[in-house]
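Novice: Turn this into a model:
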Amino acid sequence: MDDKSDSVIKDDDNNEYEKVCYMCRQPESSVGKMIRMTGNMYICANCMQRTFDLMNNSAGNNTPHFDTGNLSGLNIESLLMPGFLNGDFGGIPKSQRVKKSKPKEDKAEKGSAENEVNTLDFRKLPPPHKIKEQLDDYVIGQERAKKIISVAVYNHYKRVTKDAAGDIEIGKSNMLMIGPTGCGKTYLVQTLARILNVPLAIADATSLTEAGYIGDDVESVLSKLLKAADNDVERAETGIVFIDEIDKIARKKNSTTRDVNGESVQQGLLKLLEGADVEVPVGAMSKNAMVPMTTINTKNILFICGGAFPDLEDIIKKRLMKNTLMGFNSDLKDKYDDDPELLSKVTNEDLREFGFVPEFIGRLPVVYALKGLDAEMLVKIMKEPKNAILKQYQKLLALDEVDLQFDDEALMVIAEKALEKKTGARGLRAIIEDFMLDIMYEIPKDSSIGRVFITKEYIEGKGGPRIVLRE
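Specialist: Numbering: from 1, shown residues only. Now for the predicted structure:
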């Protein structure tokens, strides 16, 4: 019985979670007052009336009409089969329960309309420079991207607070991040959500399909956000949704089949990005008869989309090279071949040619590009952040009272190896794990070792680490 209580919420009147109909899986806020049954089960009035109608049609009896306005004196248990009631149904799982909304205070007592908006306090929001300072502790480089995202997030949450209520409605600051793989798009958003202490949902656009086809519906991204908010709808409505691999839903070119995971998904995301009341399955990624549903308003949810956009550079280069002509004022054909800032020159026209519909682009007003990582940035990523990977290994060996040090030349070799893999910062850990395996295995054997130096020769496989014994 104790094991069941960890995953099942008992249906008490003072419970913080809403009651859910065992038959239609609708919460009490949607269908009205529930009828309590034995076995931790509730049934809404509509389902009970349908049950009576079914019994009346099958038995041919004159079953009286169910009075939905008087539920207190109803002894429904005597009307159903005893075997149906003797079992312990265990209630609805916790993952499928929605927290009750906080009761709204009386407007007359407050004398204002402040209660009609969210209760976030504008004065507690960190200003953009403070947000960027905290991002600097974890994310190396990408100075312009960090500045843009700090301002956009600050402005977004200003419009959510009660201080922004008034005649002028402030638009949403949904963002589109463009950058090569491994440059820190996802990590930047994760760090941002941790700084702001708001629920974050990370979804993959490759799994999204048009409603009715195999795959996840667009509402599944909100189901993940609701789960991250511990099924608290009000908290989820001020969260952040990061949709990765957004370039995978670009319109398919020269396709004769229905584009169920391309342009159709873009059309489905429009209402989410703009702001609308959306029915969301609770505790599941898809809608079905056995999953409770709740309504989430996306007006105050910040959507951040990110992708590598592998062919976008060619589209930008083609547009910029339209001025390539013969004569003194012409551009060289190879002018933009090695331009590291090429992605930052992206326009809405380029995104439309890439395969995004104008309506989708218009709902992502903040567009910015992240730079690809070079060897020097990779070395800084290994050393400088608060949770840098080298600091993690130094901490592990410090627990064995061993000081781990890395030569600068060794770090440069690691960075060059990561660049060869073309996976950005993701390739660093795999390389470091490879040469640290023997060290992490052998060091605990010998208690006389006090310091280990990782050298360039050891990384290149031409020698071993330099070891210093304790004095």
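Novice: Could you check the pLDDT of residue 158?
Specialist: On the pLDDT scale, residue 158 is placed at 83.
Novice: which SSE is it in?
Specialist: helix 143-160 (DSSP states H and E).
Novice: on contacts alone, who are the packing partners of that helix?
Specialist: Helices and strands touching helix 143-160, by 3 or more Cβ pairs under 8 Å, 6 or more residues apart in numbering; DSSP states H and E, are helix 128-136, strand 175-178, helix 185-196, strand 302-307, strand 366-369. Bear in mind the C-beta positions are built from the backbone N, C-alpha and C, glycine included.
Novice: what's the offset of that helix from the middle of its chain?
Specialist: 17 Å (Cα atoms, centre = their mean, to the nearest Å).
Novice: now the strands for the stretch 151-300 of the chain?
Specialist: Ranges of strands in the stretch 151-300 of the chain, per DSSP state E, counting those that start in this stretch, are 175-178, 200-204, 240-244, 277-281, 293-297.
Novice: tell me the mean pLDDT over the fourth one?
Specialist: Confidence over strand 277-281 (mean pLDDT, whole number) is 86.
Novice: now do stretch 244-260
Specialist: 79.
Novice: For that stretch, buried residues please.
Specialist: Within stretch 244-260, the residues that count as buried by 16 or more other Cβ atoms under 10 Å are 244-251, 259-260.
Novice: Return the subset of those residues lying in helices.
Specialist: Members of those lying in helices (criterion: DSSP state H): none.
Novice: Now do the contacts for the residue lying closest to residue 179 once chain neighbours are set aside.
Specialist: Closest residue to residue 179 apart from its sequence neighbours, by Cβ to Cβ, 6 or more residues apart in numbering: residue 370 at 3.1 Å. For residue 370, the contact set (Cβ atoms under 8 Å, 6 or more residues apart in numbering) comprises 142, 145, 177-180, 183-185, 188, 343.
Novice: And the furthest pair within these?
Specialist: Within those, 188 and 343 form the most distant pair, 15.5 Å apart (Cβ to Cβ).
Novice: host element of residue 391?
Specialist: Assigned by DSSP H and E, residue 391 falls in helix 389-398.
Novice: And the helix or strand just after that helix, what's buried?
Specialist: The first helix or strand that comes after helix 389-398 along the chain, using DSSP H and E, is strand 403-406. Buried residues in strand 403-406, counted by 16+ other Cβ under 10 Å: 404, 406.
Novice: Would you mind pulling up the elements that strand 403-406 packs against?
Specialist: Contacts defined by 3+ Cβ pairs under 8 Å, 6+ apart place strand 403-406 against helix 389-398, strand 449-454.
Novice: Tell me which residues touch the closest residue to residue 468 other than its chain neighbours, please.
Specialist: In this structure, residue 468 finds its nearest non-sequential neighbour in residue 451, 4.0 Å apart by Cβ to Cβ, 6+ apart. Contacts for residue 451 were tallied using Cβ under 8 Å, 6+ apart; they are 402-405, 467-468.
Novice: As TSV, the residues you listed with pLDDT and distance to residue 158 would be great.
Specialist: Output for these, formatted as TSV (pLDDT from 0 to 100; distance: Cβ to Cβ, whole Å):
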residue	pLDDT	distance to residue 158
402	90	49
403	91	47
404	91	45
405	91	46
467	89	56
468	87	55
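Novice: quick revisit: please name whichever of the helices and strands packed on helix 143-160 is nearest to residue 376.
Specialist: With Cβ to Cβ as the criterion, residue 376 lies closest to helix 128-136 of the helices and strands packed on helix 143-160, at 16.5 Å.
Novice: Just list what the closest one packs against, helices and strands only.
Specialist: So helix 128-136, by 3+ Cβ pairs under 8 Å, 6+ apart, packs with helix 143-160, helix 185-196.
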